[in-house]
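# Need coordinates for the following:
(2 chains)
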Amino acid sequence: MQQVEVQPVKEQQSYDTQATRNWRLVRRRFGPFFTQLVLAVLGLIFGLPFLWLVTTSLKANRQIFVWPPVWFPDPLIWRNYTDTFTFAPLHLYALNSLIIASAHVFGATIVSALAAYAFARLRAPGKNLLFMVVISTMMVPGVVTLVPLFILFARIGWVDTFLPLTIPVMLGGPFFIFLLRQFFLSLPEEMLEAAVVDGASQWRIWWKIAMPNATPALATAAVFSFIDAWNDFMTPLVFLNSRAKYTLALGLQVFLTEHGAEWGLLMAASTMVLLPIIVLFFFAQKQFIQGIALTGIKG
Amino acid sequence: MAHAQATRNWRNTIRGRESITFYLFVAPWLIGFLIFTIGPVITSFILSLADYSIVTPPRFIGLDNYRDLFLDDRLFGRSLYNTGYYVVIFVPLQIALSLILALLLNQKVRGLTIYRTLFYIPSIVPVVANSILWIWILQPQWGLLNFGLSLIGIKGPLWLNSVAWAKPSLIMMSLWGSGGAMIIFLAGLQGVPQHLYEAAEIDGANRWHKFWSITIPLLTPTIFFVLVLGIIGSFQVFTQAYIMTGGGPADATLFYMFYLYRRAFVFHNMGYASAMAWILFLIILLLTIIQFVTASRWVYYEGERR
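Take a look at the predicted model:
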């Protein structure tokens, strides 16, 4: 009995040369160490730009233009952060960005969910055709519609208002409809059927049963649409003119053109634009990771 | 009368009521689609056949815009070349880098969440903030990158100010934001059934075999997804160039979208810009179709076995 068990091991050993056996031993002992080393180096490369951002934002000019670079500013110039506000109303830009982002979130969650629920759960003639339309619009590059939309909005007096940046997105987006439909399809049939038998209207079922059960997917949609809006540069660039209406992204770019050499100020302003996104990431880490995974695999 | 009666009856059936609810539910999206998507797409095509500068009414000129683009416009070719260069170099590098990061993080390593966060966050940094940060990193005299290179004895180039290095600079900066693709790959890797590896181990497969015969084939759908999205996205590269280089030096970073933007919103050649938009649309569409058609040769779907 014992011999039978030992045999395959022996066979394998006779296959290996001394060299491969040594190599295997080395790898078993140092493999994890090697992975850890590579990760540490990559982590350093990915992290250094952030460190560079924050330290520069706290430097006085005489420590910015020096060779070799200074990593620890002395003294710490916190004034860079307060000074940016005297040159650019970042708080006003932030408020504008927030208003526009809210419209994005509303459209990506409530309105998209309404359509997504219909596509997932209701029967109607023409439904499949319309869903194909949803899918195909995801592939139309935004630039194709940009010029006609600009002409349209210029005609009806919407240019230099928030309307071009809010109204279209408040009507729902194909990507979010697609994402939420997948989720509504995965809800158990009985959960919704029971309500139909009870005579609840589809509106009630959607709002009282489907929506509360879709919170993870809705949170993902909210997070993604918020980031999209917060980071968008081209749409505000095209549709907004007056400074009081600028978003943070646009305001930051103008700040760059006007204070191009004042790196302490520029880095302080960039840090403040970046901060809300990082805070959001730490609070909604699960939604980020799950959401990307969800879209990645289902797509 | 009979027809009206029939309609009323249909409206009262369960099926009929459900259909009406369906159309009410999708109405906001449908209205938005008609006004803000399909309407503009059609208008854009009509405009591409016209000479239009907003102040004067559009004038129909047939295919002249397209002819001018292909025959007379040096910058059109230049911007197409710049964009092609960016796509061809960036997309494969992004896939390789994000796949390597995902493979590293898919092992039992210490500090997994910290590394995942560190690799992912650059991909959600607002492009404008990112661009400003990288102008400063790439600054030839005081920048971080050339300092790093000087430590290993290399005198760094002028990066954004150099015709040869401007595009690679932007590609490098974009690679820093590969974290999104990494998360997609991580999810893909976690979907690879463990029992396949165990079976392969019994057959005496080494790590290398397992990687090429199990991991990569089962990841091909994910690679395909990242590839398609990566190509669509990087053809529309714009903001970095607008902020960091203004298209220069010597038009080295004048990407297609940037040139289109200039034509439309600086020179107000709305017809011309629409023709450019349609050409971009067709290029992206064609490339996407080619990828889907050739996918069956290299993308592995589990369902196929049955």
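# okay, CA-based contacts and neighbour counts for the rest of this
Noted.
# tell me the secondary structure for B:Gly247?
coil (DSSP: H, G, I helix; E, B strand; the rest coil).
# Need phi/psi at it.
phi 90, psi -10 (degrees, to the nearest 10).
# Number of residues surrounding it?
20 (other Cα atoms under 10 Å in any protein chain shown).
# and the closest residue to it other than its chain neighbours, how far is that from chain A?
Spatial nearest neighbour of B:Gly247, excluding adjacent residues (Cα to Cα, 6 or more residues apart in numbering or on different chains): B:Leu254 at 4.1 Å. Computed as Cα to the nearest Cα, to the nearest Å, the B:Leu254 to chain A distance reads 16 Å.
# So B:Leu254 belongs to a strand, correct?
No: per three-state DSSP, B:Leu254 lies outside any strand segment and is coil.
# Spell out which residues of the stretch 1-150 of chain A are next to chain B.
Counting by Cα under 8 Å from any Cα of the partner chain, the residues of the stretch 1-150 of chain A close to chain B are A:32, A:35-36, A:39, A:43, A:46-47, A:49, A:52-53, A:64-69, A:111-112, A:114-116, A:118-119, A:122-125, A:137, A:139-141, A:143-149.
# Recalculate using a threshold of 6 Å.
Within the stretch 1-150 of chain A, the residues that sit near chain B (Cα under 6 Å from any Cα of the partner chain) are A:114-115, A:118, A:124, A:144-145, A:148.
# Export those residues to TSV and append columns for pLDDT, secondary structure and distance to B:Pro57.
What follows is those, written out as TSV (pLDDT from 0 to 100; DSSP: H, G, I helix; E, B strand; the rest coil; distance: Cα to Cα, whole Å):
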residue	pLDDT	secondary structure	distance to B:Pro57
A:Leu114	96	helix	40
A:Ala115	96	helix	38
A:Ala118	95	helix	42
A:Ala124	92	coil	43
A:Val144	92	helix	21
A:Thr145	94	helix	19
A:Pro148	95	helix	14
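# Mind giving me the PyMOL command for buried ones among the residues you listed?
Here is the PyMOL selection string for the buried members of the residues of the stretch 1-150 of chain A next to chain B, based on 16 or more other Cα atoms under 10 Å in any protein chain shown:
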select buried, chain A and resi 114+115+118+124+144+145+148
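# quick one, strands of chain B?
For chain B, applying DSSP state E gives strands covering B:50-51, B:59-60.
# just those: most buried one?
strand B:50-51 (a mean of 22; mean count of other Cα atoms under 10 Å in any protein chain shown).
# How many neighbouring residues does B:Val128 have?
27.
# do B:Ile223 as well
If we define neighbours as other Cα under 10 Å, then B:Ile223 has 21 of them.
# And B:Ile31, by the same measure?
Around B:Ile31 there are 14 residues (other Cα under 10 Å).
# Could you do B:Ser296 as well?
For B:Ser296, using other Cα under 10 Å, the count is 10.
# and what of B:Ile283?
By the criterion of other Cα under 10 Å, B:Ile283 has 14 neighbours.
# still on that earlier bit, out of the strands of chain B, which comes closest to chain A?
Closest approach to chain A among the strands of chain B (Cα to the nearest Cα): strand B:50-51, 12.7 Å.
# For residue 63, give me the pLDDT.
Picking chain A for this. A:Gln63 carries a pLDDT value of 84.
# My question was about chain B, not that one.
At B:Leu63, the model reports a pLDDT of 93.
# Report the contact partners of it.
B:Leu63 is in contact with B:Leu49, counting by Cα atoms under 6 Å, 6 or more residues apart in numbering or on different chains.
# I'd like the distance from it to A:Phe150, if you could.
Counting by Cα to Cα, to the nearest Å, the gap from B:Leu63 to A:Phe150 is 23 Å.
# ok, back up a step: could you dump the strands of chain B to CSV with mean pLDDT?
Below are the strands of chain B laid out as CSV (pLDDT from 0 to 100):
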stretch, mean pLDDT
strand B:50-51, 93
strand B:59-60, 92
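# Same list (those) but as TSV, adding distance to B:Ile171.
Shown next, in TSV, are the strands of chain B (distance: least, Cα to Cα, whole Å):
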stretch	distance to B:Ile171
strand B:50-51	35
strand B:59-60	40
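# Redo those strands as TSV? Include distance to chain A.
Formatted as TSV, those follow (distance: least, Cα to the nearest Cα, whole Å):
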stretch	distance to chain A
strand B:50-51	13
strand B:59-60	15
